[in-house]
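Here is a sequence together with a model predicted from it:
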Amino acid sequence: MADKNQKMVEAITPIDQDFAQWYTDICLKAELVDYSSVKGFTVLRPYGQAIWENIQKIFDGMIKESGHENVAMPMLIPESLLQKEKDHVEGFAPEVAWVTCGGSEELEEPMCIRPTSETLFCDHFSRVLHSWRQLPLLYNQWCSVVRWEKTTRPFLRTREFWWQEGHTIHETAEEARAETLAILDNYTELCEKYLCMPLVRGPKTESDKFAGAEDTYAIEAMMHDGKALQAGTSHYFGDGFSKAFDVTFTGRDNTLQHPFETSWGISTRLIGGIIMTHGDNEGLVLPPAVAPVQVVIIPVASHKPGVLDKAYELKARLSKFCRVKVDDSDNSPGWKFAEWEMRGVPLRLEIGPKDIEKDQCVLVRRDNREKSFTPLAELESAIPTLLDTVAKGIFDKAAGRMKERTYDCKTIEEINAIPEDKTGFVNAMWCGEEACEDAMREQTGYASQCIPFEQKQLSEVCPVCGKPATHMVMWGKAY
RNA sequence: CGGGGUGUAGCGCAGCUGGUAGCGCGCUGCGUUCGGGACGCAGAAGCCGCGAGUUCGAGUCUCGCCACUCCGACCA
């Protein structure tokens, strides 16, 4: 048995041997992505795209329910437009790609390929907004953006990535602040309930905010190796952008006013998060809510009469309430077991002559390989229950790891005592000075990730400078 | 952007002191198999990353470039 287990995983580097290689192996062998001929630009293959579409469907539904509308903005931003907001251009200029020619003509003004679309939305808002009666404008777009990153990895950091970017404008600051937090709650629900990914949430520190934002809130997830992944952000802009772009409306009191603005985004990076949160030595483990195939039916001895027919019959029944596939390829059953485990399918249904005789099938959970014999008549209730159990199982496992690898520390020494192979989230106090953030990074390797909403008073002083502490910060090593 | 590694069939690799390219897996066809990555037979598939140079002759030597990948710094 040991030998057989060995052989099943030969395609994927063991997770504890080389985490980075394990990650890349899964991306390629589960056929989520392919590299293209341009560095940092990847192809989302059907299986990866299907996961992304499922994420889109869930989140798109949430924001539509709260009144948001989808739009499509241009891909090019004139240089002069990008430069209207000072902090914003400083933040993004180093990583934008430029278009300087159209056909054989050099352009009068260079255009950048959008790294994000605040400037485009503001420009548009400035043209269409006239009255407080139009507010709020709750816009979102699904698109790709380009940021010329130096080092790239599938999903986690690519030069082009697919995302949604929400951009809203509101009559009052309070309303815009509430929007920022409401979206953060949507992100939380998406990650925790659907992607089974527990989070730490809170505002970013001053130095870590989005370029041009007044407040930036983040959701942070812990990966299998203890490192932090920023899974989404929601920004409150105040009226900084609307002033820079001259976005105005006539208020209830007949005065000219600037609206208050938010923006927020999640990207295909979430798929990287799913891989690194739930994956194991057998490969990908997909949260049932976004798995392109939730149940794979493996016919055993499929040449024997009645077996394939039964498999198709079950597929027809199951497809009424879940996403199901029959693997009727010529491969051996053992090969199919390993293949679909590697692709992270939450449930496997085995059906063979022996089962058909007894009117039952074998159901196997992906997360722990637990097998159960289930009467065919009970599938309609058994499968949804099992899918929920898998979801809960992988959430609890991730939450357990996050708890185990979150350290409350009072001193630099305590932080440095955390073993390299037990990297995790460090809760420690902070005085509020950027210099101490920098010092913390230099002395411990841990950088500030966010100021968690759930605060604890671990001590009275900043562990770096000894001055009175103002907040507890969650520090980590980020992707 | 700094440091390391790797580019030879779809994938993983071998190819020595230069002599005209091979193995495993996969792929195609036929047959036998089928409860944890089955087997037989027959086949197809290569600008040896790109460009110069040395040489009668370069996958192999020299120089340059490019790409991918890992580790740092930076970043969603």
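Received, thanks. Residues are numbered from 1 along each chain as shown, chains lettered A, B, ... in the order given.

tell me the contacts of the closest residue to A:Leu376 other than its chain neighbours?
Take A:Leu376 and drop its neighbours on the chain: the residue closest to it by C-beta to C-beta, 6 or more residues apart in numbering is A:Asp359, 5.2 Å away. In this view, the C-beta of every residue, glycine as well, is placed from N, C-alpha and C. Shown in contact with A:Asp359 (C-beta atoms under 8 Å, 6 or more residues apart in numbering): A:Pro375, A:Leu376, A:Ala377.

confidence score at the second one?
What the model reports as pLDDT for A:Leu376 is 98.

Quick one: neighbours of it, just the number.
Per other C-beta atoms under 10 Å, the neighbour tally for A:Leu376 reads 18.

Check whether it really touches A:Lys358, as I assumed.
No - counting by C-beta atoms under 8 Å, A:Leu376 sits too far from A:Lys358 to count as a contact (9.2 Å).

Helices along the stretch 201-350 of chain A, start to end?
Counting by DSSP state H, counting those that start in this stretch, the stretch 201-350 of chain A has these helices, from start to end: A:240-244, A:269-278, A:307-318, A:333-342.

And the third one, how far out from the chain middle?
The chain centroid and the centroid of helix A:307-318 are separated by 35 Å under C-alpha atoms, centre = their mean, to the nearest Å.

That helix - what's its average pLDDT?
For helix A:307-318, mean pLDDT is 97.

for chain A, which spans come out with low pLDDT?
Under the criterion pLDDT under 70, the flagged ranges of chain A are A:1-11.

ok, the residue of the stretch 351-479 of chain A found nearest RNA strand B - contacts?
Among the residues of the stretch 351-479 of chain A, A:Gly352 lies closest to RNA strand B, at 2.6 Å counting by C-beta to the nearest atom of the strand. In this structure, A:Gly352 makes contact with A:Pro299, A:Val300, A:Ala301, A:Val307, judged by C-beta under 8 Å, 6+ apart.

does the second one really touch A:Lys336, like I thought?
No - A:Val300 sits out of contact with A:Lys336 when judged by C-beta under 8 Å, with a separation of 9.4 Å.

where's the residue of chain A most remote from its centre relative to A:Gln443, distance?
Largest separation from the mean C-alpha position in chain A: A:Pro305, at 45.3 Å (C-alpha atoms, centre = their mean). A:Pro305 sits at a distance of 71 Å from A:Gln443 (criterion: C-beta to C-beta, to the nearest Å).

Same question for A:Ala382.
Distance of A:Ala382 to A:Gln443, given as C-beta to C-beta: 54 Å.

and if you look at A:Leu387?
46 Å.

same check, this time on A:Glu85
From A:Glu85 over to A:Gln443 the distance is 35 Å, taken as C-beta to C-beta.

Look at those two and report which has more neighbours.
More neighbours surround A:Glu85 than the other of A:Glu85 and A:Gln443, with 22 against 13 (other C-beta under 10 Å).

residues touching the nearest residue to that one once chain neighbours are set aside, list them.
Leaving aside its chain neighbours, A:Glu85 sits nearest to A:Ala244 (4.2 Å; criterion: C-beta to C-beta, 6+ apart). Residues in contact with A:Ala244 (C-beta under 8 Å, 6+ apart) are A:Lys84, A:Glu85, A:Lys86, A:Cys122.

my read is the last one is in a strand, agree?
I take that to be A:Cys122. No - remark: A:Cys122 does not belong to a strand; assigned using DSSP: H, G, I helix; E, B strand; the rest coil, it is helix.

quick one, what contacts it?
With C-beta under 8 Å, 6+ apart, A:Cys122 has these contacts: A:Lys84, A:Phe241, A:Ser242, A:Ala244, A:Phe245, A:Val247, A:Glu261.

now the first one
The contact partners of A:Lys84, by C-beta under 8 Å, 6+ apart, come to A:Thr119, A:Cys122, A:Ala244, A:Phe245.

helix, strand or coil for it?
A:Lys84 is classified as coil under three-state DSSP.

distance of it from A:Phe260?
Taking C-beta to C-beta as the measure, A:Lys84 falls 18 Å from A:Phe260.
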